[in-house]
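J.: I need the structure of the sequence given here:
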Amino acid sequence: MTRLIWNHACTVGVKAMDDQHGILVDAVNELRLAVVRGSGRESLRVLLDRIVEFSALHFVSEERLMEQSAFPGLGEHHAEHKRLLAQLRKAARSLECEDGFAMGALLASLREGFTTHIGALDRQYGPWLNERGIR
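T.: The predicted structure follows:
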């Protein structure tokens, strides 16, 4: 997996959310680098757990902003957050319990999930929130 690069296409126009997306990019890149360097399972588990925990906090932050502004796509967004968190938690459990866990597949899934989620869903709420004074 190549490194995730933070660029204009990743922005939603809400500073707090853009900052959090940047933190997630850094965390995924840190996990990728640990895999490339051959870090042990425990180190990888700690990094993945950090991604899971921060993702959960980030999703709550996004949903709170959407709820406060009556964003019409909140239900769809919440369902996708729930699906992504379940996928991340399953991967974290698998990493902890399974020999030969496929980190390459997980990294590819994280990359795809991140770019698709921001591109398809998060970019929808940015203009809505901006119109309501949230930047």
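J.: tell me how far Ser39 lies from Gln68.
T.: 40 Å (CB to CB, to the nearest Å). Backbone N, C-alpha and C define where each C-beta goes, glycine included.
J.: any idea of the mean pLDDT for stretch 17-37?
T.: On average, the pLDDT along stretch 17-37 is 95.
J.: so for Ser39 and Gln68, which sits in the more crowded spot?
T.: Neighbour count, other CB atoms under 10 Å: between Ser39 and Gln68, Ser39 has more, with 16 against 11.
J.: for Ala105, see how far away that one is.
T.: Taking CB to CB as the measure, Ser39 falls 17 Å from Ala105.
J.: and if you look at Gly73?
T.: 29 Å.
J.: over to Ser109: give its phi and psi.
T.: phi -70, psi -40 (degrees, to the nearest 10).
J.: for it, which non-adjacent residue is closest in space?
T.: Spatially, and ignoring its direct neighbours in sequence, Ser109 is nearest to Gln87 (7.2 Å; CB to CB, 6 or more residues apart in numbering).
J.: same check, this time on Leu4
T.: Leu4 sits nearest to Val25 (CB to CB, 6+ apart), 4.8 Å away.
J.: which ones are touching Leu48?
T.: By CB atoms under 8 Å, 6 or more residues apart in numbering, Leu48 lies in contact with 31, 88, 91-92, 95, 106.
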